[in-house]
Every structure is written in structure tokens, then in C-alpha cells.
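Trainee: based on what follows, work out the 3D shape:
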Amino acid sequence: MLPWGPVRYVLGLGLAAVLVTIVIVAIAGQRTVTQVPAAAPSVASLTACQADRQAVETAAQEYEAVHGAPPPGIAALVPQFLAEVPSGAGFTVSLVTGTTTAVGSLPGC
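Mentor: Numbering: from 1, shown residues only. Below you'll find the model as predicted:
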């Protein structure tokens with residue numbers, strides 16, 4: 001026996017009521033958490049596309065500064081200005097011919 005008596009109530013509720021409340025909150029939390037990852041891949045792909053597009057544009061500007069003309073394509077940037085041609089899951093990045101502008105295939109990229 002505990003010094004303050006048996007534990008029968010927590011905040012005026014019976015132990016069974018507290019356990020039922022914990023189970024309900026756990027189930028609701030699980031449903032909420034399982035819904036979040038569905039949106040994550042498109043956000044991750046968009047962020048990766050934007051980062052690759054910016055890297056290609058920067059490399060193209062460096063190429064133009066060194067050679068005095070825009071690169072003929074992304075392949076001309078490898079390996080001096082880019083380590084490799086960017087390739088992501090579900091998107092592509094390409095250079096606009098005759099410019100240092102890169103475009104991504106995803107909307108908003």
C-alpha cells in the first residue's frame with residue numbers, strides 16, 4: 001500500500017477512463033501521422049529540382065565567364081563546372097539553348 005492510499009483515481013477519473021482516453025488519442029495521432037508522408041515526395045522533388053536548376057544556372061554563368069559564351073548544353077559543364085549532370089527522381093533540368101537559364105520539368109521549378 002502506498003503512503004497516500006491506493007491509486008484509484010487520476011484527476012478525478014477512474015483508471016479505465018484514463019486508459020481509454022490514452023488509446024483514443026494514440027489512434028487519432030497515428031491516423032494524423034500516416035497522412036503526412038503522402039505530400040512529402042512532391043515537396044522533396046520540387047526542392048531537389050529547384051536546387052539542381054540553381055546549380056546548373058550557376059555553373060552555366062561560370063562557364064560563360066571563362067569561355068565568353070554560354071555553354072552549348074549541360075554536358076559541356078561536366079566535369080569542370082559540375083561534378084555530374086543532375087538527374088533526379090521524377091524531374092529533369094535542362095539549359096535554354098544559347099543562354100545561361102536552366103529550366104526544370106516540375107511546375108514551380
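Trainee: could I get the full set of strands for the protein?
Mentor: For the chain, the strands defined by DSSP state E cover 9-10, 13-14, 93-95, 102-104.
Trainee: for the record, mean pLDDT for the first one?
Mentor: The average pLDDT within strand 9-10 is 52.
Trainee: swap in stretch 42-51?
Mentor: For stretch 42-51, the mean pLDDT works out to 84.
Trainee: related to what we said a few turns ago, and the strands of the chain, which one is worst for confidence?
Mentor: Looking over the strands of the chain, mean pLDDT reaches its minimum on strand 9-10, with a mean of 52.
Trainee: can you tell me how far the residue nearest to the spatial centre of the chain is from Val25?
Mentor: The centroid of the chain falls nearest to Ala44 when counting by CA atoms, centre = their mean (2.6 Å). The spacing between Ala44 and Val25, counted by CB to CB, to the nearest Å, is 29 Å. Every residue, glycine included, has its C-beta placed from N, CA and C.
Trainee: and Cys49, by the same measure?
Mentor: 38 Å.
Trainee: who has more neighbours, those two?
Mentor: Ranked by neighbour count (other CB atoms under 10 Å), Cys49 and Val25 place Cys49 first, with 23 against 10.
Trainee: show me the shaky parts of this structure.
Mentor: By pLDDT under 70, the low-scoring segments of the chain are 1-19, 31-41.
Trainee: show me the helices in it, by range?
Mentor: 15-35, 40-67 (DSSP state H).
Trainee: Gly88 is nearest to which of these?
Mentor: helix 40-67 (4.9 Å; CB to CB).
Trainee: can I see the domain layout of this structure?
Mentor: Domain segmentation of the chain under automatic domain parsing yields 9-38, 40-104.
Trainee: just the ones you listed: most buried one?
Mentor: Stretch with highest mean neighbour count among the domains of the chain: domain 40-104 (a mean of 15; mean count of other CB atoms under 10 Å).
Trainee: centre of the chain to it, how far?
Mentor: Taking CA atoms, centre = their mean, to the nearest Å, one finds the center of domain 40-104 at 19 Å from the center of the full chain.
Trainee: using PDB, list the CA coordinates for stretch 72-92.
Mentor: The C-alpha atoms that make up stretch 72-92 are tabulated as PDB, following Å, rounded to 0.1, in the frame of the first residue of the first chain:
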ATOM      1  CA  PRO A  72      26.100  24.500 -75.700                       C
ATOM      2  CA  GLY A  73      24.500  22.200 -73.300                       C
ATOM      3  CA  ILE A  74      24.700  20.700 -69.800                       C
ATOM      4  CA  ALA A  75      27.200  18.100 -70.800                       C
ATOM      5  CA  ALA A  76      29.700  20.900 -71.600                       C
ATOM      6  CA  LEU A  77      29.600  21.900 -67.900                       C
ATOM      7  CA  VAL A  78      30.900  18.500 -66.700                       C
ATOM      8  CA  PRO A  79      33.400  18.000 -65.000                       C
ATOM      9  CA  GLN A  80      34.900  21.500 -64.800                       C
ATOM     10  CA  PHE A  81      31.800  23.300 -63.600                       C
ATOM     11  CA  LEU A  82      29.500  20.500 -62.400                       C
ATOM     12  CA  ALA A  83      30.600  17.100 -60.900                       C
ATOM     13  CA  GLU A  84      27.900  15.300 -62.900                       C
ATOM     14  CA  VAL A  85      24.800  16.000 -65.000                       C
ATOM     15  CA  PRO A  86      21.900  16.400 -62.500                       C
ATOM     16  CA  SER A  87      19.400  13.700 -62.600                       C
ATOM     17  CA  GLY A  88      16.500  13.400 -60.100                       C
ATOM     18  CA  ALA A  89      13.700  11.100 -59.500                       C
ATOM     19  CA  GLY A  90      10.700  12.400 -61.400                       C
ATOM     20  CA  PHE A  91      12.200  15.600 -62.900                       C
ATOM     21  CA  THR A  92      14.800  16.800 -65.400                       C
END
